[in-house]
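Engineer: Prediction below, plus the sequence it came from.
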Amino acid sequence: MPKMELYQVPAGSLDAWIAEHLQPSEEFQLQVKDTVRRICDFLKETCFDDIKVFKTVKGGSAGKGTALKNNSDADLVLFLSCFSSYRDQMENRAAVLDTVKQKLNRCRQTIDFSVDVEVSQPKEKGTCPRSLSITIQSKKRWESIEVDVLPAYDALGQVTPGSKPSPQVYEDLIQAGAGPGEFCTSFTELQRDFVKRRPAKLKNLLRLVKHWYKETTSGLPPKYALELLTIYAWETGTKGTENFSTSEGFRTVMELLCQYQELCVYWTEFYDFQSSVIGTHVKRLLREPCPVILDPADPTGILGQGKSWDLLAREAAVCRDQLCCRNGLAPIRCWDVQVPTPRRAPSHPHL
């Protein structure tokens, strides 16, 4: 679907357009849910001989409730007994993936889809694959979903909604000295729940932003960074209300993207500055050149550094002049969102 179709949608018709063009069909969502359940059952009950699967967690857009019609993704994270540390995960991940691939190929006939299985290629030479990619294609519709199976170290253990993880979890993560977001899979539950609990209308705004993003130039900042920026705009611009204008929200996100060189966004829901190890690490990241958007579930996850934000800002500037962001000749009103900067960080509840 060309992005120009979105640009020709009147601002007042965005909600109906999202429902018709971006929301996945209920039938396909049920098929995906059933197929992912089958894969989970296989991985927990059949796949491993001497490895225990502590739990499986569905993340990605399917897990968060923000999947797009015709194309969505799910992360199926396996928390395994063979990983007793972050280092174990790094060293043994490739062997685990190889086992999963071999076993899954043998049981494909039990899954009610045409399923393609291939190990994803590492992004950098010399690195091991991080996931097994499974394409689930509907037989009745032009809808498909990418399921990435990711083995992970169970750093969090039992997750209790509404409570902070032990600071020791994050201290160990930081002291492991890995790259940004290297072990983010260990925090999939927190990442998922951070989005999943949001109101349905905000999830539709997230769908709209993701659709716009997918139609822009490749090599841009990660999609997750835009999801977080959209949630930030909604939290601060509407005080978290469920009754808001989709067009106002969309134009606010475009406006923030145009001001990317001033952005510094983070939350203190799962980690804060009380621990000297965590506090020192996070403060160092906040001094990085803007834009800085920190993963609320993973304090090592600084998103979008060195990416082509200027290209995204250029497209956002084009977008805010289109019908979808205008009320006749006048621009749609933006929410009152103060652009967060490191200088204002101490006084802001989310910064």
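Structural biologist: Ah, there it is. Computed from a prediction, not measured in an experiment: that's the story for all the values here. Numbers count the residues shown, from 1 in each chain.

Engineer: so how many other residues sit close to E171?
Structural biologist: 17 (other CB atoms under 10 Å). Yep, even glycine has a C-beta here, placed from its N, CA and C like the rest.

Engineer: Could you double-check that S275 lies in contact with E171?
Structural biologist: Yes - when contacts are counted by CB atoms under 8 Å, S275 is listed as touching E171 (6.1 Å).

Engineer: so where do the helices sit in the stretch 251-351 of the chain?
Structural biologist: 276-286, 309-319 (DSSP state H, counting those that start in this stretch).

Engineer: can you put the ones you listed in TSV and add distance to R207?
Structural biologist: Below are the helices of the stretch 251-351 of the chain laid out as TSV (distance: least, CB to CB, whole Å):
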stretch	distance to R207
helix 276-286	29
helix 309-319	16
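
Engineer: Nearest to D41, out of these?
Structural biologist: helix 276-286 (37.2 Å; CB to CB).

Engineer: in that closest one, what's buried?
Structural biologist: 277-278, 281-282, 285-286 (16 or more other CB atoms under 10 Å).

Engineer: Stretch 77-91 too?
Structural biologist: Buried residues in stretch 77-91 (16+ other CB under 10 Å): 77-80, 82-83, 86, 89-90.

Engineer: List the ones among those residues that fall in helices.
Structural biologist: With helices taken from DSSP state H, the overlap with the buried residues of stretch 77-91 comprises 86, 89-90.

Engineer: of those residues, the lowest pLDDT goes to which?
Structural biologist: Ranked by pLDDT, these bottom out at M90, which has 90.

Engineer: which ones are touching that residue?
Structural biologist: 178, 182 (CB atoms under 8 Å, 6 or more residues apart in numbering).

Engineer: circling back to that earlier point, in TSV, list the ones in helices among the buried residues of stretch 77-91 along with distance to S61.
Structural biologist: What follows is these, written out as TSV (distance: CB to CB, whole Å):
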residue	distance to S61
Y86	26
Q89	24
M90	26
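
Engineer: For K210, state which of those is nearest.
Structural biologist: Q89 (28.5 Å).

Engineer: I figured the closest one hits A155, correct?
Structural biologist: No - using CB under 8 Å, Q89 is not in contact with A155, being 9.2 Å away.

Engineer: Give me the most central residue, the protein.
Structural biologist: Among the residues of the chain, the one closest to the centroid is Y224, at 4.1 Å (CA atoms, centre = their mean).

Engineer: Leaving out chain neighbours, which residue sits closest to that one?
Structural biologist: Nearest residue to Y224, sequence neighbours excluded (CB to CB, 6 or more residues apart in numbering): L303, at 6.1 Å.

Engineer: So what pairs up with A74 in the strands?
Structural biologist: V147 (DSSP bridges).
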